[in-house]
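Trainee: Model the structure of this input:
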Amino acid sequence: MSVPRPRRIVVLVALVATLTLLCCGGSITAVLLGGLTDGDNNKLNAALGCGKGGPVDPDSKLPRVRQYGAAQIRNAAVIINVGSDLKMPPRAWVIAVATAMQESRLTNLGNLGSRNDHDSLGLFQQRPSAGWGTPEQIMDPVYASTKFYNKLKTVEGWENMPLTEAAQRVQISAYPDAYAKHEPIATQIVNELADGAASAVGNSISMVCASGGQIAASGWTNPVKAAVGSGFRTAGRPTHQGVDLIVGRYTPIAAAASGIVSKVKCDEDHRGRQTCNVDGYPGKGGCGWMVEIQSAGDVMTRYCHMVQRPFVKEGQEVTAGDIIGRVGTSGNSSGPHLHFEVHLNNDRSSAGAIDPVPFMRQQGAPLGGEG
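Mentor: Next comes the predicted model:
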């Protein structure tokens, strides 16, 4: 695909109203992209996703997402719109925004003098000497974004790669693992500017919402497609640090996100025994056969009560959707199900645990009957 001539982006309309809307069966709060125009006052494509449109407030300002201000979010909007224009799927938008977050903090950086990394410029710190274009071209956010997406297209299998690997294949950075930490906030930015687009199927350009077994543009998927039984820290089970997904014995369990397997074990019961190859029972204690995976943003997921030794090993890299084991009822369990936990800050303790239901809904991969 030929690269379009650089366009000077003028933000005429920024944020629209914040609404609660239904996407993929679960309610999410999204901030929609009102509109961008080029220098000829022609409206660029708004990158709309699985959600429903809402009223436009032309006098409002672009949102602030954590440490990012209006100018930075405008640059993210340009990146998203270019991806939409090029018919790249929402997963590509998340990768591109996360890359620009690492390279420039979403700031269109000029020559920084002695602090410059060689001759790197712009949102993606592209180098004229490496063939990315002239300095003037690279400083145009539309041109720079187009070059990034066109290079990403040449990476075979990028749609199913962990974000940091796909970004590194484009950027060839001296810090190849640095992109991963930006994935959660990049997903949030894409959702807020693009109407929940991170809930769309990762490699689809038709904005079909992800459902059971599909990878959302956020990079997350359901570990199993099953109804939620016992919930997170209920009145009856205040120390229940996850949710129980009720599904039959031997059902395959998928990694909910790409990451590194940090723990594989037969969890001891209350009597200190490691008896995981038999059915458990209520009050036995322990998680039975279990796996923990550390993913981008220091998020840890835990999978318990497997029927047999898991299929993965500690230190193994897994991709979202990879089968890591099968459902069982080992450990402290009254019947076949997957006990699923989400922990922040890679904190394995109960202090790091959060309710997986709203978390997974936010990732565009809702649990249970929501999808």
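Trainee: Now do the helices in the stretch 151-300 of the chain.
Mentor: Using DSSP state H, counting those that start in this stretch, the helices of the stretch 151-300 of the chain run over residues 163-171, 183-193.
Trainee: Deepest in the core, which of those helices is it.
Mentor: The highest mean neighbour count among those, using mean count of other Cβ atoms under 10 Å, belongs to helix 183-193: a mean of 26. The way it works is simple: take the backbone N, C-alpha and C, and place the C-beta from them, glycine included.
Trainee: returning to what we had before: which one of the helices of the stretch 151-300 of the chain lies nearest to Gly364?
Mentor: When the helices of the stretch 151-300 of the chain are compared by Cβ to Cβ, helix 183-193 sits nearest Gly364, at 7.8 Å.
Trainee: Which strands and helices lie in contact with that closest one?
Mentor: In terms of contacts (3 or more Cβ pairs under 8 Å, 6 or more residues apart in numbering; DSSP states H and E), helix 183-193 is packed against strand 26-37, helix 70-85, helix 90-104, helix 163-171.
Trainee: Of all the ones you listed, which one is nearest Ala217?
Mentor: With Cβ to Cβ as the criterion, Ala217 lies closest to helix 90-104 of the helices and strands packed on helix 183-193, at 3.5 Å.
Trainee: So for that closest one, mean pLDDT?
Mentor: For helix 90-104, mean pLDDT is 95.
Trainee: One more: stretch 247-255?
Mentor: 97.
Trainee: Distance check, Thr146 against Gln126.
Mentor: Counting by Cβ to Cβ, to the nearest Å, the gap from Thr146 to Gln126 is 11 Å.
Trainee: With Gly69 as the reference, name the closest of the helices of the stretch 151-300 of the chain.
Mentor: Using Cβ to Cβ, the helices of the stretch 151-300 of the chain put helix 183-193 closest to Gly69, at 12.4 Å.
Trainee: Can you report how many residues lie near the nearest residue to Gly83 once chain neighbours are set aside?
Mentor: The shortest distance from Gly83 to any non-neighbouring residue, by Cβ to Cβ, 6 or more residues apart in numbering, is to Trp93 (4.5 Å). Neighbourhood size, Trp93 [other Cβ atoms under 10 Å]: 31.
Trainee: can you list the domains in the chain?
Mentor: What automatic domain parsing lists as the domains of the chain is 10-199, 227-370.
Trainee: Looking at the ones you listed, which is nearest to Trp220?
Mentor: Trp220 lies closest to domain 227-370 among the domains of the chain, at 3.8 Å (Cβ to Cβ).
Trainee: now that closest one: how far from the chain's centre is it?
Mentor: Remark: domain 227-370 is offset 19 Å from the chain centroid, using Cα atoms, centre = their mean, to the nearest Å.
Trainee: Flag the helix or strand of the protein with the lowest per-element mean pLDDT.
Mentor: Lowest mean confidence among the helices and strands of the chain (mean pLDDT, DSSP states H and E): strand 10-23, at a mean of 30.
Trainee: Next one, pLDDT for Gly212 please.
Mentor: pLDDT, Gly212: 68.
Trainee: Switch the helices and strands packed on helix 183-193 over to JSON lines; also include distance to Ala351.
Mentor: Listed next are those as JSON lines, based on distance: least, Cβ to Cβ, whole Å:
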{"stretch": "strand 26-37", "distance to Ala351": "26"}
{"stretch": "helix 70-85", "distance to Ala351": "32"}
{"stretch": "helix 90-104", "distance to Ala351": "27"}
{"stretch": "helix 163-171", "distance to Ala351": "27"}
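Trainee: so which of these is the most packed in?
Mentor: Among the helices and strands packed on helix 183-193, the stretch with the highest mean neighbour count (mean count of other Cβ under 10 Å) is helix 90-104, at a mean of 27.
Trainee: can you map out the strands along the chain?
Mentor: Listed in chain order, the strands of the chain (DSSP state E) span 10-23, 26-37, 227-228, 243-246, 252-254, 259-266, 289-295, 299-306, 317-318, 323-326, 337-343, 353-354.
Trainee: Describe which strands the last one pairs with in its sheet and in which direction.
Mentor: Taking DSSP bridges as the criterion, strand 353-354 forms sheet pairs with strand 337-343 (antiparallel).
Trainee: Asn277: which of the helices of the stretch 151-300 of the chain is closest?
Mentor: Closest among the helices of the stretch 151-300 of the chain, once you apply Cβ to Cβ, is helix 163-171, at 35.4 Å.
Trainee: Run through the neighbouring helices and strands of that closest one.
Mentor: Judged by 3+ Cβ pairs under 8 Å, 6+ apart, the packing partners of helix 163-171 are helix 90-104, helix 141-153, helix 183-193.
Trainee: what about those, which gets the closest to Pro252?
Mentor: helix 90-104 (22.7 Å).
Trainee: what angle separates the closest one from helix 141-153?
Mentor: Here helix 90-104 runs at an angle of 120 degrees relative to helix 141-153 (axes from the mean of the first three to the mean of the last three Cα atoms, to 10 degrees).
Trainee: Quick one: list the elements packing against helix 90-104.
Mentor: Packing contacts for helix 90-104, counted by 3+ Cβ pairs under 8 Å, 6+ apart, involve helix 70-85, helix 141-153, helix 163-171, helix 183-193.
Trainee: Any chance of CSV for these, columns mean pLDDT and distance to Gln363?
Mentor: Converted to CSV, the helices and strands packed on helix 90-104 look like this (pLDDT from 0 to 100; distance: least, Cβ to Cβ, whole Å):
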stretch, mean pLDDT, distance to Gln363
helix 70-85, 91, 18
helix 141-153, 97, 21
helix 163-171, 93, 13
helix 183-193, 88, 7
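Trainee: Would you mind saying which of those helices lies nearest Arg326?
Mentor: Using Cβ to Cβ, the helices and strands packed on helix 90-104 put helix 163-171 closest to Arg326, at 27.2 Å.
Trainee: Understood, closing this out.
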